[in-house]
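**Q** Sequence and predicted structure, then a few things I'm wondering about:
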Amino acid sequence: MDNDEDFLTRANELGISIKITDDANKLKIIGNTIRGEVSTKGTMETRRRRIYGTTNGYQIIELLGSDTESRKAGSGGVIIFGNDYAKRMAETLIKREWKASQSLRYMGEIFKGILEEVASKTPTVGNKIDVLMRQPKFDKSAAQKHLDVTIDHDIKVLIKFRQDLTERLVQQNLEIEMASKIISKGDIGKVVDIDGNMLFVQLNNKTQAVDGNWKQLAGPGQNVLMFTDSDNVKTGDKVVIENEDLCLKKDKSSLSCDIILCSL
């Protein structure tokens with residue numbers, strides 16, 4: 001298969017649903033270091049393989065989630081991430097084109113051409129290519145010290161990102177769960193005290209009141225404040241929601257409140 005169209009046609013023949021995207025950002029400049037990453041998403045965790053490179057040094061990091069599973073260091077060389085077919089093709093082209101005496105910028109153009117050729121022969125490599133360069137003046141020892149600091153900080157950023165993402169997902173799940181409990185019909189409680197247009201309503205044993213952040217303000221049996229324009233309210237009157245309107249059960253007089261009424 002020479003291109004995405006052939007790949008998709010063959011997948012369709014086999015009854016396999018495939019979506020091809022080529023917009024993932026796999027390269028990033030972090031100070032005097034360039035980071036490359038490939039990742040595989042599982043049902044529970046994402047596995048990442050990262051390479052951090054700078055002048056006279058690199059480190060390859062294997063991550064499961066944000067936990068470091070392995071960490072290997074080196075001083076130089078050509079490192080290729082990808083499937084075996086694409087790697088073999090790239091290695092052949094690199095051996096043919098590689099000239100150690102060439103400038104880094106010229107070699108960047110050569111690598112770009114190699115990737116374009118590989119991409120033209122397999123749909124597993126996209127045709128969108130970035131070439132990033134960094135040339136700090138590090139010897140081998142300074143390079144590894146710089147990489148250690150850079151990588152440790154970068155992994156801390158990943159840990160913080162994953163923690164924030166988890167908190168957002170938990171909040172989203174809470175919002176979905178609580179939204180499904182908002183009462184649109186049924187009994188709410190009864191009026192237990194009246195002060196002008198303010199009513200104190202005691203919630204029944206199946207109702208709670210929450211704020212806009214879904215934090216409970218009052219539970220079953222506790223009182224909440226509501227407002228009315230009716231002058232025909234008495235203690236003991238039932239409060240209900242009918243057709244999504246909060247009102248008195250006896251005469252459908254409208255009530256208002258600054259809380260969200262949910263079932264338990």
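**A** Yep, it's here.
**Q** now the strands: where do they sit in the stretch 51-200 of the chain?
**A** Chain-ordered strands for the stretch 51-200 of the chain, with DSSP state E, counting those that start in this stretch as the definition, fall at 57-64, 67-74, 186-195, 198-203.
**Q** Any chance of the ones you listed in CSV with mean neighbour count as columns?
**A** For glycine as for every other residue, the C-beta is placed from the backbone atoms N, C-alpha and C. Listed next are these as CSV, based on neighbours: other Cβ atoms under 10 Å:
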stretch, mean neighbour count
strand 57-64, 19
strand 67-74, 13
strand 186-195, 16
strand 198-203, 19
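**Q** got TSV for these, with mean pLDDT too?
**A** Converted to TSV, the strands of the stretch 51-200 of the chain look like this (pLDDT from 0 to 100):
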stretch	mean pLDDT
strand 57-64	94
strand 67-74	93
strand 186-195	94
strand 198-203	95
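**Q** Quick check: the gap between Leu169 and Asn213.
**A** As for Leu169, its distance to Asn213 is 16 Å (criterion: Cβ to Cβ, to the nearest Å).
**Q** pLDDT weak spots in the stretch 151-264 of the chain?
**A** Along the stretch 151-264 of the chain, no part satisfies pLDDT under 70.
**Q** so where do the helices sit in the stretch 51-200 of the chain?
**A** With DSSP state H, counting those that start in this stretch as the criterion, the stretch 51-200 of the chain has helices at 84-97, 104-121, 140-179.
**Q** What count of nearby residues applies to Gly221?
**A** 11 (other Cβ atoms under 10 Å).
**Q** now the one 4 residues further on
**A** One way to gauge burial is a neighbour count; for Leu225, by other Cβ under 10 Å, it gives 16.
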